[in-house]
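Build me a model:
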Amino acid sequence: MGYNGGFGAPEQKFVALGPEAGGGLTVTEGQLIEGYASLFGKRDQGGDVVQAGAYAGSLARLGAAGRRVKMLWQHDPTQPIGVWDEVREDDRGLWVKGRILADVEKGREAAALLAAGAIDGLSIGYRTVKSERDGKGQRLLTELELWEVSLVTFPMLPEARVAAKGDSLAETWRSLAQIFDDARRSLAER
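Residues are numbered from 1 along each chain as shown. Next comes the predicted model:
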């Protein structure tokens with residue numbers, strides 16, 4: 001089944017993650033990142049609330065088929081920027097851990113933007129399988145088919161922000177970005 005798979009347009013949920021959410025997206029050891037892509041029981045700006053267990057069936061089907069949730073840049077299916085090595089539900093939400101690939105141009109850009117604090121969100125791309133209305137104007141999402149988790153600029157769930165481990169990490173990323181910029185300038189002058 002393709003990205004649209006004949007089931008209509010994919011839906012997306014944005015969440016910025018950080019200390020306020022009790023952990024958030026963390027960038028460590030080069031391009032390793034981890035955090036919550038979705039939080040259970042939290043109403044987003046669109047009035048949707050993802051329920052615990054909403055991803056279980058989708059994750060089981062992906063695992064049985066030997067496939068992974070994709071890591072994309074800004075929900076663009078033509079711009080994968082890394083791999084999610086671990087995607088799982090816990091009592092708080094959908095937790096992800098993966099690697100941004102420095103060999104991919106957009107991966108380098110995403111890593112530099114994360115380090116600078118310009119990007120601070122994660123967002124899910126999915127299809128709603130089951131949902132219900134609760135009478136308060138909220139849509140309770142009870143079963144979702146998860147396709148991808150993207151690094152994004154604008155989160156839908158603003159309670160959380162990106163957290164990076166250690167101040168030296170940001171300096172390392174700035175230095176790495178400067179090395180790439182210098183190399184590009186040097187090649188352009190030739």
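
Quick check: which ranges of the protein have low pLDDT?
Within the chain, the ranges that satisfy pLDDT under 70 run 1-30, 155, 157-187, 190.

can you give me the strands in it?
Remark: strands assigned in the chain by DSSP state E are 11-16, 26-28, 32-39, 48-50, 70-73, 76-89, 93-100, 121-133, 139-152.

Turn the ones you listed into TSV, including distance to A60 and mean neighbour count.
In this view, the C-beta of every residue, glycine as well, is placed from N, C-alpha and C. As requested, those are exported to TSV (distance: least, C-beta to C-beta, whole Å; neighbours: other C-beta atoms under 10 Å):
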stretch	distance to A60	mean neighbour count
strand 11-16	20	22
strand 26-28	26	17
strand 32-39	17	23
strand 48-50	17	22
strand 70-73	17	22
strand 76-89	11	16
strand 93-100	14	21
strand 121-133	13	19
strand 139-152	11	21
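
so which of those strands gets nearest L113?
strand 139-152 (8.2 Å; C-beta to C-beta).

Just the C-alphas of that closest one, formatted as CSV.
Written as CSV, here are the backbone C-alpha positions of strand 139-152 (Å, rounded to 0.1, in the frame of the first residue of the first chain):
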residue,chain,number,x,y,z
ARG,A,139,-12.5,13.5,18.1
LEU,A,140,-11.1,10.5,20.1
LEU,A,141,-8.7,8.6,17.8
THR,A,142,-8.8,5.0,18.9
GLU,A,143,-7.1,3.2,16.0
LEU,A,144,-4.6,4.8,13.6
GLU,A,145,-2.5,3.4,10.7
LEU,A,146,0.8,5.0,11.2
TRP,A,147,2.8,5.8,8.1
GLU,A,148,5.5,8.2,9.1
VAL,A,149,7.0,10.5,11.8
SER,A,150,8.4,13.8,10.5
LEU,A,151,10.6,16.4,11.9
VAL,A,152,8.6,19.7,11.5
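
helices and strands around it, which ones?
In terms of contacts (3 or more C-beta pairs under 8 Å, 6 or more residues apart in numbering; DSSP states H and E), strand 139-152 is packed against strand 48-50, helix 56-64, strand 70-73, strand 76-89, strand 93-100, strand 121-133.

In TSV: those, plus distance to Y36.
Below are the helices and strands packed on strand 139-152 laid out as TSV (distance: least, C-beta to C-beta, whole Å):
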stretch	distance to Y36
strand 48-50	11
helix 56-64	15
strand 70-73	15
strand 76-89	10
strand 93-100	5
strand 121-133	7
